[in-house]
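Chemist: sequence and predicted structure below; questions after.
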Amino acid sequence: MKLITIIKRIKEKCKGSLTCAKENGMIVESGVTVMGGVNFGSEPYLIHLKENCRISFDVAFITHDGGTWAFRNTWPEYKPMVKYGKIVVGESSFIGCRSIIMPGVTIGKNCVIGAGSIVTKDVPDETVVCGTPAKAICSTLDYAKKCFDAVPSDFDFEMYARDKKKYLMEYYMNE
């Protein structure tokens, strides 16, 4: 392992990957939330996180196609080949844990990316996608309705708001 790579990893552990990515040119608007273990790749300056989006843990942003390595040194005409792409995450969108966002992808406003998805194409506003590769499964409004309908009738939102941990432990652990 190169010394520069070791130094980069130590820096990320101390400062956090979000701070390091911002220092390296990533655009992060207000209200953005990023959980632990997010990998902003080697070109964070090609990533734009818009207002109030939330990135869950272990998400990877891939801004380049490393596959060009397989042929750059084999055929001389492809030696200079590189392939990069900007990634944009729209306002109030959510990216589930362990998802991978590929180069050149724009995720629209109010989108949900299901956990473990690999997003290879743009996602239109207010769309829920999941899978490998990610495919649209419903609108964000349909998803909201499904979530609302799934809430147990005896769930007490007031008690939850007062003390989330206590309420959830009592509600789910005493079943």
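Modeler: Yes, it's here. These numbers come from a predicted model, not from an experiment.
Chemist: okay, CA-based contacts and neighbour counts for the rest of this
Modeler: OK.
Chemist: which parts of this structure are helices?
Modeler: For the chain, helices defined by DSSP state H occupy the ranges 3-15, 17-23, 69-72, 140-150, 157-162, 164-173.
Chemist: could I get those in a markdown table, plus columns for mean neighbour count?
Modeler: Formatted as a markdown table, these follow (neighbours: other C-alpha atoms under 10 Å):
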| stretch | mean neighbour count |
| --- | --- |
| helix 3-15 | 12 |
| helix 17-23 | 18 |
| helix 69-72 | 12 |
| helix 140-150 | 12 |
| helix 157-162 | 11 |
| helix 164-173 | 12 |
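Chemist: make JSON lines from those helices and add distance to F57 and mean pLDDT to it.
Modeler: What follows is these, written out as JSON lines (distance: least, C-alpha to C-alpha, whole Å; pLDDT from 0 to 100):
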{"stretch": "helix 3-15", "distance to F57": "15", "mean pLDDT": "67"}
{"stretch": "helix 17-23", "distance to F57": "11", "mean pLDDT": "87"}
{"stretch": "helix 69-72", "distance to F57": "29", "mean pLDDT": "88"}
{"stretch": "helix 140-150", "distance to F57": "21", "mean pLDDT": "97"}
{"stretch": "helix 157-162", "distance to F57": "24", "mean pLDDT": "94"}
{"stretch": "helix 164-173", "distance to F57": "20", "mean pLDDT": "93"}
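Chemist: figure out which of the ones you listed is closest to D58.
Modeler: D58 lies closest to helix 17-23 among the helices of the chain, at 11.1 Å (C-alpha to C-alpha).
Chemist: what about that closest one, distance to the chain center?
Modeler: With C-alpha atoms, centre = their mean, to the nearest Å as the basis, helix 17-23 stands 15 Å off its chain's centre.
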